[in-house]
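Student: here is my input, please return the structure:
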Amino acid sequence: MYVTFGDTLSILEYFNYGRFGQIALGVDRQYQPTALFAPGSPDAVALLASNIANRLILDDGGSAQNPDPARHPNGDNFTLDNIFRGGDVVTGAKGVIDYRFNQWALQPTEGAAYQSVNPRTSAPPVGGSTSVASFNV
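Tutor: Just a heads-up that it's a prediction; the model follows:
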């Protein structure tokens, strides 16, 4: 089925991005159930079910493993000048939706509007007087 997502979707996870070109998207940020509730508790089980039900895989539209170049959510190639981070958002994702490997996936037909909302800091603040030295023997 060809669909267009009008909602703004956050990048939740990109564990399978390098190998399969997949990025998990969702309407809201998701948390590990055991970070909020005791393992095995009804609340943790309910949150896990909610997380699974409220995510969509943005696939790269290809079947190759370890794609080179990788496809950015905006449709262009992923490069050091065209990156994304977890928490960034995409809007207007369009493509064919399918269900396989027990998850819904969108095979994009064009790039989505991408917005960086989680920029990387240039360098962390450093203070103190600790010095580190090493020597390879």
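Student: name the strands paired with the helix or strand where Ile57 lies and say parallel or antiparallel.
Tutor: Ile57 is located in strand 56-58, with elements delineated by DSSP states H and E. Strand 56-58 has its sheet partners listed here by DSSP bridges as strand 23-26 (antiparallel), strand 103-110 (parallel).
Student: continuing past that strand, what's the next helix or strand?
Tutor: strand 89-91.
Student: counting by contacts, list what that following strand packs against.
Tutor: Counting contacts by 3 or more C-beta pairs under 8 Å, 6 or more residues apart in numbering; DSSP states H and E, strand 89-91 is packed against strand 8-13, strand 113-115. (Each C-beta comes from the backbone N, C-alpha and C, glycine too.)
Student: strands paired with the shortest one, and their directions?
Tutor: Looking back up the chat, that one is strand 113-115. Looking at strand 113-115 with DSSP bridges, its paired strands and their directions are strand 89-91 (antiparallel).
Student: for whichever helix or strand comes after the strand it pairs with, packing partners?
Tutor: Reading on from strand 89-91 to the C-terminus, the next helix or strand found by DSSP H and E is strand 94-100. Using 3+ C-beta pairs under 8 Å, 6+ apart as the contact criterion, the neighbours of strand 94-100 among helices and strands are strand 2-4, strand 103-110.
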